[in-house]
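[1] need coordinates for the following:
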Amino acid sequence: MNVIWITSDSFRRDHLGAYGNKKIQTPSLDTLAAKSVQFQRHYAAGFPTMPTRADHFTGRWTMSFMGWSPLPSNVTTLAEILSQKGLHTAAVVDTPFYLRDGMNYDRGFKSFFMNIGQEGSGAKKLKAGWHESQDTRAAWRFESDYNAPQTFTKAMRWLENHYKEDFFLYIDTWDPHEPWDAPAYYTEIYCPDYDGEIIEPVYGYWPDVPGYKKKGLKKRMQLIVVRSPWWTPGWVIFCDGLKTWALWTIQLSSSLRTTASTSVNTAGSSGRWFMKLGRMENTLRWMTGISRLMAEYGPIRLFTKRL
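    Numbering: from 1, shown residues only. Alright, predicted model coming up:
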């Protein structure tokens with residue numbers, strides 16, 4: 001059976017119509033969910049970006065033996081197993097932490113495509129020098145230039161070329177991760193007076209950050225608490241719309257070869273509790289209890305639609 005696994009970072013399940021949200025428009029994922037086995041009790045084993053992906057790739061609770069670190073050489077990944085079984089393993093990603101500093105998260109993929117443009121915390125902290133993502137983002141002019149559209153476009157082009165093969169295709173876009181800088185017309189749906197300002201969140205426990213009071217960080221973080229309910233839905237609609245074409249291509253390949261299966265999963269969470277905790281990063285208590293979106297679609301129909 002062929003598998004297409006889609007990961008969208010910080011895509012909160014309570015922002016989707018399929019999981020009860022009545023305000024945010026997510027027709028693509030809602031349509032997929034209606035045709036899928038929809039999971040109701042799928043919980044995150046870890047919160048941060050790469051440790052969550054380590055869980056995905058290894059099938060293990062990696063926080064018990066590693067942190068945000070390269071994949072250990074003695075750990076076997078799903079891509080390695082499937083590659084050894086003869087499948088064409090491919091990944092198209094834009095989450096910016098897969099390769100640098102020896103992370104090795106491309107291990108096991110016969111084809112690996114990295115889209116640049118996402119700015120991890122290291123790039124954002126640069127006070128001097130340069131980072132390739134800055135050149136990429138400076139050239140953006142249209143919606144199609146953003147990372148998520150580029151990632152889905154490349155993935156669907158790969159699928160058009162390889163749909164007759166036995167394959168495992170992994171698609172990972174970091175959006176709708178903060179800083180929630182979707183094209184303004186998406187944000188304006190929920191915030192009509194949006195002025196285009198992008199406010200970067202402060203990671204860690206806010207009162208302990210140097211300059212929290214003197215540099216206006218307190219006011220800035222309070223503004224994020226107030227505005228994030230407006231910014232995030234815009235990103236969600238943007239990312240959901242991208243999946244319309246992707247899901248159509250996936251379903252077409254499924255009809256041509258009825259062994260295709262799709263899986264949609266999310267990693268991380270968009271700081272649901274940060275208003276109460278005074279921090280952007282959740283405590284371990286919340287990290288292991290985040291309920292995430294998961295829906296699986298394929299030729300095997302189960303008796304239940306909700307698990």
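
[2] show me the shaky parts of the stretch 101-250 of the chain.
    Along the stretch 101-250 of the chain, the parts satisfying pLDDT under 70 run over 120-129, 199-206, 209, 211-231, 245.

[3] show me where it has strands.
    111-114, 167-173 (DSSP state E, counting those that start in this stretch).

[4] and those: which comes nearest Val75?
    For Val75, the closest of the strands of the stretch 101-250 of the chain is strand 167-173, at 16.8 Å, according to Cβ to Cβ. Using the backbone N, CA and C atoms, a C-beta is placed for each residue, glycine as well.

[5] returning to what we had before: for Arg60, find the nearest of the strands of the stretch 101-250 of the chain.
    strand 167-173 (17.3 Å).

[6] what packs against the closest one?
    strand 2-9, helix 78-84, strand 88-93, helix 147-162 (3 or more Cβ pairs under 8 Å, 6 or more residues apart in numbering; DSSP states H and E).

[7] contacts for the second one?
    Contact with helix 78-84 is made by 56-59, 89, 91, 107-110, 168, 170, as judged by Cβ atoms under 8 Å, 6 or more residues apart in numbering.

[8] of those residues, grab the buried ones for ChimeraX.
    Selection of buried members from the contacts of helix 78-84 for ChimeraX, criterion 16 or more other Cβ atoms under 10 Å:
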select :56,57,58,89,91,107,108,109,168,170
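
[9] would a markdown table of the contacts of helix 78-84 with distance to Pro72 be doable?
    Supplementary listing: the contacts of helix 78-84 in a markdown table, determined by distance: Cβ to Cβ, whole Å:
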| residue | distance to Pro72 |
| --- | --- |
| His56 | 15 |
| Phe57 | 12 |
| Thr58 | 9 |
| Gly59 | 14 |
| Thr89 | 19 |
| Ala91 | 19 |
| Arg107 | 11 |
| Gly108 | 14 |
| Phe109 | 17 |
| Lys110 | 21 |
| Phe168 | 21 |
| Tyr170 | 20 |
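
[10] just to revisit the earlier point, as CSV, the helices and strands packed on strand 167-173 with distance to Pro70 would be great.
    Output for the helices and strands packed on strand 167-173, formatted as CSV (distance: least, Cβ to Cβ, whole Å):
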stretch, distance to Pro70
strand 2-9, 19
helix 78-84, 15
strand 88-93, 16
helix 147-162, 23
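
[11] ok, the contacts of helix 78-84 vs Gln38, which is closest?
    His56 (18.8 Å).

[12] distance of that closest one relative to Asp166?
    Applying Cβ to Cβ, to the nearest Å, the value for His56 to Asp166 is 20 Å.
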